[in-house]
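J.: Could you look at this predicted model? Sequence included:
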Amino acid sequence: MLFRSSREERRQAISNPALVSGTRIEPVLLTQLVNDVGDDPDQLSILQHALRRTWEHWRQRGSEGPITLADYEAIGTMATALDAHAEQTLASCGDDAAELCGRLFQALTDKASDPRGIRRPTPLADLEAICGGDPQRLTPILARFRQSDTAFLMPPGSEPLQADSVIDISHESLMRVWKRLDRWADEEAASAALYRRLADAARRHADGQASLWRDPELQQGLNWLARQRPTLAWARRYDASLDQALAFLGRSEQADRKSTRLNSSHTVISYAVFCLK
């Protein structure tokens with residue numbers, strides 16, 4: 001195991017694959033890689049990704065000489081290489097793909113159960129239902145993130161997808177290193193928490209134990225509905241009573257509008273009485 005070995009053994013574990021493939025890593029880069037990987041096991045997948053990107057940069061510049069520190073720095077080092085590569089992959093999906101891509105990765109991550117984030121493997125058919133919209137728009141996004149030069153999602157791009165194919169994030173470190181995904185996962189956890197509150201309030205109201213929502217809860221709920229546009233498949237992950245929750249929210253909005261109209265009428269009448277005095 002790389003992270004239960006001495007510093008010298010780690011150097012060999014990094015350099016030997018390059019030697020087997022007929023390339024060399026310059027000593028200064030090797031030292032930098034050993035320093036950057038440290039003792040954190042979570043860094044292993046980040047190191048592997050950075051090495052692939054560094055080798056690709058070295059190959060594109062002509063495969064001349066050893067792989068150098070300059071090659072490593074050109075891809076952003078372990079600190080930013082994965083984040084930058086994920087952003088490039090997202091950009092390659094098209095200008096209108098960000099929202100659907102966000103829903104995709106939110107469906108595949110879970111911060112509601114673990115604040116650090118854990119993977120949530122999902123069959124393709126379920127994933128399409130959770131994300132909503134046109135499944136044909138999801139297909140090219142999945143393909144781009146599964147390509148061999150990216151491999152952020154599994155199964156690999158060489159494997160045809162079926163309705164029961166399980167889609168998964170390739171490694172959990174992506175959830176912590178890709179800053180956009182980290183924000184997406186936080187937003188998903190917050191959305192799930194609000195929905196659970198709404199569903200619970202709807203049940204308690206049906207049992208005569210709670211009132212309809214009023215501001216600020218009502219406005220928060222309406223903002224959530226406009227932003228999340230929840231599908232039943234999405235809601236089932238957190239609470240299956242979506243219809244009841246949305247009906248409760250709708251009744252709360254109607255009651256608030258009625259109250260606002262009555263208050264407005266009362267203000268007008270009061271003003272008229274005052275003027276007649």
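T.: Noted; the coordinates are in hand. Numbers count the residues shown, from 1 in each chain.

J.: Output the strand ranked longest in the chain as CSV, restricted to C-alpha atoms.
T.: Ranked by residue count, the top strand of the chain under DSSP state E comes out as strand 166-169. Extracted C-alpha coordinates of strand 166-169, given in CSV (Å, rounded to 0.1, in the frame of the first residue of the first chain):
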residue,chain,number,x,y,z
VAL,A,166,-25.3,1.8,-12.5
ILE,A,167,-23.8,5.2,-12.8
ASP,A,168,-21.2,6.2,-10.2
ILE,A,169,-18.6,8.8,-9.4
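
J.: Can you name the next helix or strand after that strand?
T.: Next helix or strand after strand 166-169 toward the C-terminus (DSSP states H and E): helix 173-177.

J.: Show me what the following helix or strand past that following helix is packed against.
T.: The C-terminal neighbour of helix 173-177 among helices and strands, as given by DSSP H and E, is helix 179-206. If contacts are counted by 3 or more Cβ pairs under 8 Å, 6 or more residues apart in numbering; DSSP states H and E, helix 179-206 sits against helix 77-92, helix 98-107, strand 109-110, helix 173-177, helix 217-228, helix 242-276. C-beta here means a position set from N, CA and C on the backbone, and glycine is covered the same way.

J.: which parts of the longest strand of the chain are buried?
T.: Buried positions in strand 166-169, judged by neighbour count with 16 or more other Cβ atoms under 10 Å: 167, 169.

J.: Pairing partners for it, with directions?
T.: Paired strands of strand 166-169, with direction, are strand 122-123 (antiparallel), strand 153-154 (antiparallel) (DSSP bridges).

J.: quick one, the helix or strand following the first one and helix 98-107 angle?
T.: Sequence order places helix 124-131 as the next helix or strand after strand 122-123, per DSSP H and E. Calculated by axes from the mean of the first three to the mean of the last three Cα atoms, to 10 degrees, helix 124-131 forms an angle of 120 degrees with helix 98-107.

J.: Report the buried residues of helix 124-131.
T.: 124, 126-131.

J.: Out of the strands paired with strand 166-169, which is closest to Ile67?
T.: strand 153-154 (27.0 Å; Cβ to Cβ).
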